[in-house]
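Asker: Okay, predicted coordinates and the sequence, questions at the end:
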Amino acid sequence: MIDDVALKDDTLMREFYDLERRSELHGRPHSPHWDFDEFLGAIRSPDSGERAEFFAAYDGDRMIGTAILFSFLLDNTEKAWAVVNVDVPERRRGVGRALVEHVEQLVRADGRTILMTASHLPFDDREDHGYRKFAEACGFELSNFEVSRHLALPVPDERIQEWLDDAAPAHEGYTIETFLGAVPDDLVDSLCLLLGQLAVDAPTGAVDFEEEAMTPQRYAEMIAATDAMGRTRYETVALTPDRQVVAQSTLALSQKDNTVVYQWGTFVHREHRGHRLGLATKAVNLRAVQAARDDLTLVTTQNAETNDYMVAINERMGFRPIEVHAEFVKRF
Ligand SMILES: CC(C)(COP(=O)(O)OP(=O)(O)OC[C@H]1O[C@@H](n2cnc3c(N)ncnc32)[C@H](O)[C@@H]1OP(=O)(O)O)[C@@H](O)C(=O)NCCC(=O)NCCS
């Protein structure tokens, strides 16, 4: 039986989270994973650009599988994204397929034509892994490989200085500034414009994305969601002399004892590439988080395997590949 899950019910959401955690960390126990408060903060924060629906599969009273369906509301409205997890002892009983069929029906009824999903896979088994076989058995095809990479911290400050010295001659005339939480009001419009372009320009394999409608309201919601997760957001931006944001890099870290730093987006506007603003914003941001906390152990990041520019910067900084994130698509 598959049920809607009430987001406001703490006990139910705890069960949902625990199952998701067991499933996601199965076979990859040391991977960074959000804690319960981070999860609750993220899923209970409104996003006017996206609808999220929660479902659980039951055997009697026992929750044995979960699904979240994200439907984009302001752009890319033909697409939806599903996250499906089945508890480890309950696998190969048709639960995953039933959850996919359930969300697929909703996506079709909503008039959408593209459903996407993804799985973390080890490098050496990315062609034949059971999760990929599952996606294919449900009618999905591989659309993209992203690669997760980790950078061990701390990075000696002299190394960060070397990157900054290398980049500096290429970006004369731009200024680089770091903000905790939201950027000042006068930078919001140009930052939103930039963030909306990310999905257009970043390689996304067989699925093309149109520009994302990143409105100031959504930006404010994103900031509120980061706060609700108990994370601090470090935003380093590159500005033109007339203070337009043309490059950005975001790091998020827990306000509690979690020592993992999450690299979120890094993006340089297409008219301002070739000035080493990607390396410069990432390096300045890393220096800022290391100055704030001396107990941080690693930065985790993820980007398309084919994103040569970003991969080159990450390799230069010493990021090491950990696993792939295989993305799948089903078109109706
Ligand atoms: C992937 C996952 C959701 C599958 O759930 P499940 O309930 O075991 O899947 P089902 O029993 O419905 O499997 C349906 C079909 O998929 C294929 N399949 C599923 N798991 C498989 C595996 N480990 N190896 C080979 N084929 C597999 C089979 O063809 C299966 O049919 P069959 O059992 O009649 O042969 C589950 O393993 C999981 O939660 N993984 C972690 C999260 C994840 O990666 N989710 C996204 C997947 S795209």
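Answerer: Sure, I can see it.

Asker: Tell me which helix or strand the residue positioned nearest the centre of the chain sits in.
Answerer: Within the chain, one residue has its C-alpha closest to the average C-alpha position: by Cα atoms, centre = their mean, that is Trp264, at 6.3 Å. Assigned by DSSP states H and E, Trp264 falls within strand 260-268.

Asker: thought Leu115 was touching Gln105?
Answerer: No. Using Cβ atoms under 8 Å, Leu115 is not in contact with Gln105; the gap is 10.6 Å. Every C-beta, even on glycine, is put in place using the N, C-alpha and C of the backbone.

Asker: Of those two, which one has the most company?
Answerer: Higher neighbour count among Leu115 and Gln105: Leu115, with 24 against 10, using other Cβ atoms under 10 Å.

Asker: Please pull out the lowest mean pLDDT helix or strand from this protein.
Answerer: strand 2-4 (a mean of 82; mean pLDDT, DSSP states H and E).

Asker: other SSEs contacting that strand?
Answerer: Applying 3 or more Cβ pairs under 8 Å, 6 or more residues apart in numbering; DSSP states H and E, one finds that strand 2-4 contacts strand 50-59, helix 95-109.

Asker: If we use 6 Å, what do you get?
Answerer: On a contact count with 3 or more Cβ pairs under 6 Å, 6 or more residues apart in numbering; DSSP states H and E, strand 2-4 meets strand 50-59.

Asker: Report the distance from the strand it packs on to the chain centre.
Answerer: Strand 50-59 sits 20 Å away from the centroid of its parent chain (Cα atoms, centre = their mean, to the nearest Å).

Asker: buried ones in the following helix or strand past it?
Answerer: Remark: after strand 50-59, the chain's next helix or strand is strand 62-72, criterion DSSP H and E. Within strand 62-72, the residues that qualify as buried are Met63, Ile64, Gly65, Thr66, Ala67, Ile68, Leu69, Phe70, Ser71, Phe72, counting by 16 or more other Cβ atoms under 10 Å.

Asker: Understood, closing this out.
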